[in-house]
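**Q** compute the structure for the input listed below.
(one chain, ligands or ions: 1)
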Amino acid sequence: MKKLIIANWKMNPPTLKKAKELFSATTNYKLQAKNAEIVIVPPFIYLSELLKIKNSPKQSTLATGQIKLKIGAQNIFWATEGAYTGEISPKMLKDLYVDYAIIGHSERRKYAAETDEMINKKVIAALKESLKVILCVGEPLEIRKKGKKAAMNFVKNQLQKDLKGLKGKLLNNKLIIAYEPIWAIGTGISATPETALETIKYIKKLLITNYQLLTPRVLYGGSVDSKNIKGFLQHNEIDGALVGGASLNAKEFKKIVELTNKIN
Ligand code: PGA
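**A** Here you go, the predicted model:
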């Protein structure tokens, strides 16, 4: 299966002009990414403009169909429409031809006080609109310090709540898990490939046995860059990476894609 590389721009860059420049520099070259699928996830406010660029004939020729380029959203709300000031629904995103939604990112759990119950509703709503879900899970430092069993239990508990009521057909080919230990996000200190691998193997086992997923896809995220990407992706079980900071530098991101492409 192709490795999935997701660029999570978070609340960057600060202007539409810069967002367009970054998007073009990130995607506007002859990518020979046969082994990689790429998803760019910009702030909501830039989605329509970037989709216009993506779908313009010029962009399509340059991307030449050799790369699967998709667009995602960083969050969604669970209702379809109504009195929910400030929220964006999965239906609105689907209408723009957005394909993916990140749900439950630790920054939303922290700064927007999202609970597992809210995240569960969002996952259900996204799946209903056929958006592919990138569900983020991962333990904080104080749990990791207690050892790997504690970390795995933490993640198991998140999955149990976030995927409540879902399994099998509802999730197959629609759910992607990003294992993102909180202590590795934006810190420059990534997990070791070994830690990522053992946790991802554990998550896959859970997805198969408890959620009847046939071919679970699990990514690693947390301080991924062009220097460490190979260490993660050379393992068959690690299906890709969720890249934050390094995706804001087009050259760096291009290197990540090229290195991914050489794996297999
Ligand atoms: P980072 O962010 O690569 O800057 O650590 C990853 C993420 O939060 O998705």
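**Q** could you give the bridge partners of the closest residue to residue 175 other than its chain neighbours?
**A** Computed as Cβ to Cβ, 6 or more residues apart in numbering, the closest residue to residue 175 that is not its neighbour in sequence is residue 133, at 5.3 Å. Any C-beta I mention is one placed from the backbone N, CA and C, and that applies to glycine too. Beta-bridge partners for residue 133, by DSSP bridges, are residue 101, residue 175.
**Q** convert the C-alpha atoms of stretch 111-119 to PDB, please.
**A** Output of stretch 111-119 as PDB, limited to C-alpha atoms (Å, rounded to 0.1, in the frame of the first residue of the first chain):
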ATOM      1  CA  TYR A 111      -7.000  24.400  23.300                       C
ATOM      2  CA  ALA A 112     -10.600  23.700  22.300                       C
ATOM      3  CA  ALA A 113     -11.300  21.400  25.200                       C
ATOM      4  CA  GLU A 114     -12.500  18.600  22.800                       C
ATOM      5  CA  THR A 115     -13.500  15.500  24.700                       C
ATOM      6  CA  ASP A 116     -13.500  11.900  23.500                       C
ATOM      7  CA  GLU A 117     -17.300  12.100  23.400                       C
ATOM      8  CA  MET A 118     -17.200  15.100  21.100                       C
ATOM      9  CA  ILE A 119     -14.600  13.400  19.000                       C
END
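**Q** give the buried residues for that stretch.
**A** 114, 116, 118-119 (16 or more other Cβ atoms under 10 Å).
**Q** and which of those residues is nearest to the ligand?
**A** Closest to the ligand out of the buried residues of stretch 111-119 is residue 114 (14.3 Å), distances taken as Cβ to the nearest ligand atom.
**Q** tell me the contacts of that closest one?
**A** 104, 108 (Cβ atoms under 8 Å, 6 or more residues apart in numbering).
**Q** rerun that using 10 Å as the cut-off
**A** 75, 103-108, 122 (Cβ atoms under 10 Å, 6 or more residues apart in numbering).
**Q** quick one: pLDDT of the residue nearest to residue 175?
**A** We have a pLDDT of 98 for residue 133.
**Q** also residue 57?
**A** pLDDT, residue 57: 66.
**Q** now residue 30
**A** 62.
**Q** put together TSV for the buried residues of stretch 111-119, with secondary structure, distance to residue 205 and pLDDT on each row.
**A** Output for the buried residues of stretch 111-119, formatted as TSV (DSSP: H, G, I helix; E, B strand; the rest coil; distance: Cβ to Cβ, whole Å; pLDDT from 0 to 100):
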residue	secondary structure	distance to residue 205	pLDDT
114	coil	26	98
116	helix	21	98
118	helix	27	98
119	helix	22	98
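**Q** flag every buried residue along stretch 191-203.
**A** 191, 193, 195-200, 202-203.
**Q** to clarify, my last question referred to stretch 158-178.
**A** Buried, per 16+ other Cβ under 10 Å, within stretch 158-178: 158-159, 162-163, 166, 170-171, 174-178.
**Q** wait, residue 180 sits on residue 200?
**A** No - using Cβ atoms under 10 Å, residue 180 is not in contact with residue 200; the gap is 11.1 Å.
**Q** overlap in contacts of the two?
**A** Counting by Cβ under 10 Å, 6+ apart, the residues touching both residue 180 and residue 200 are 191, 219-220.
**Q** number of residues surrounding residue 146?
**A** For residue 146, the neighbour count with other Cβ atoms under 10 Å is 12.
**Q** quickly note the distance from it to residue 154.
**A** 9 Å (Cβ to Cβ, to the nearest Å).
**Q** number of residues surrounding the residue in the stretch 151-264 of the chain positioned nearest to the ligand?
**A** Per Cβ to the nearest ligand atom, residue 244 is where the stretch 151-264 of the chain lies closest to the ligand, at 2.2 Å. Neighbour count of residue 244, defined by other Cβ under 10 Å: 24.
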